[in-house]
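> return a 3D structure for these sequence lines:
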Amino acid sequence: MAKIFQVSARAGMTRVVEPIARALLRAGVTPNVVTVAGTVGVLVGALGFGARGHLVAGALIVTLFALTDLLDGTMARMSGGSTRFGAFLDSSMDRVADSAVFGAVAYWLATQNDHSGVAAALLCLAAGGLVSYVKARAEGLGMTCNVGIAERTERLLIVGVGGILTGVGVKPALEIALWLLAAISIFTVGQRMAHVYRQAQQLQPDGQA
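So this is what the prediction gives:
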């Protein structure tokens, strides 16, 4: 099934990112440095701005630095491929950044006494972690899990748009975005589990239930 953020859009972004990636590599910057810098930027946007109610600024900063996911991946490809530690670092930093984003959103909504929004944000945090875990566990067992309508980029875009709209006065937008994202994330978990189940059935020896 096609992802929300279509492949053509990703390809277009990659063409924009490639010159930046080449320039950074020529300057001696490594993909791992970009990964860590991107995470720090997301933390600043989420905790320094979003959690304090500066939703537009926070969303824009988070979105900008979240795009380093494309940048560090492109740099790794250009420099001969990702290392084992680079892949581990990238995945770990993604979880740190996601936790900061949804934790900051939940904190701000709690200050607004928006209990429904807090519940949605916490559900997004849990479901988003599960989306990533299911893929990592499947790959650890030798299977693939590159399916789902909402991967990390889609999740951050949805909450970012909701934050910006709320920040400019469309008050229900963030909560609506969170509940939509929670539903999409749970559906994506189901997609991935079904995909892995089908692979496991094909891989198991004949005669085993």
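> buried ones in the helix ranked longest in the chain?
Determined from DSSP state H, the single longest helix within the chain is helix 173-203. Neighbour counts over helix 173-203 (16 or more other C-beta atoms under 10 Å) mark 173-182, 184-186, 188-189, 191-192, 195-196, 199 as buried. Every residue, glycine included, has its C-beta placed from N, CA and C.
> check stretch 96-107 too.
By neighbour count on 16+ other C-beta under 10 Å, the buried set for stretch 96-107 is 97-98, 100-107.
> of the residues you listed, which belong to helices?
With helices taken from DSSP H, the overlap with the buried residues of stretch 96-107 comprises 97-98, 100-107.
> show me the helices in this protein, by range?
Counting by DSSP H, the helices of the chain are 7-26, 31-43, 55-66, 68-78, 84-111, 115-140, 152-167, 173-203.
> out of those helices, which comes closest to Phe49?
The closest of those to Phe49 is helix 55-66. By C-beta to C-beta, the value is 3.5 Å.
> tell me what angle the closest one forms with helix 152-167.
Angle, helix 55-66 to helix 152-167, by axes from the mean of the first three to the mean of the last three C-alpha atoms, to 10 degrees: 160 degrees.
> pull helix 55-66 out as CSV, backbone CA atoms only.
The C-alpha trace of helix 55-66 is given here as CSV (Å, rounded to 0.1, in the frame of the first residue of the first chain):
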residue,chain,number,x,y,z
LEU,A,55,3.5,25.8,18.5
VAL,A,56,4.3,27.4,15.1
ALA,A,57,8.0,28.0,15.9
GLY,A,58,8.3,24.6,17.5
ALA,A,59,6.6,22.8,14.6
LEU,A,60,8.8,24.5,12.0
ILE,A,61,12.0,23.8,13.9
VAL,A,62,11.1,20.2,14.4
THR,A,63,10.1,19.7,10.8
LEU,A,64,13.4,21.4,9.6
PHE,A,65,15.6,19.2,11.7
ALA,A,66,13.5,16.0,11.2
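> my guess is Met143 contacts Gln199, does it?
Yes. Using C-beta atoms under 8 Å, Met143 is in contact with Gln199, at 4.6 Å.
> once you drop chain neighbours, what's closest to Cys146?
No Cys there; residue 146 is Asn. Lys135 (7.7 Å; C-beta to C-beta, 6 or more residues apart in numbering).
> surely the one you found touches Cys145?
Yes. Between Lys135 and Cys145 there is a contact under C-beta under 8 Å: 4.2 Å.
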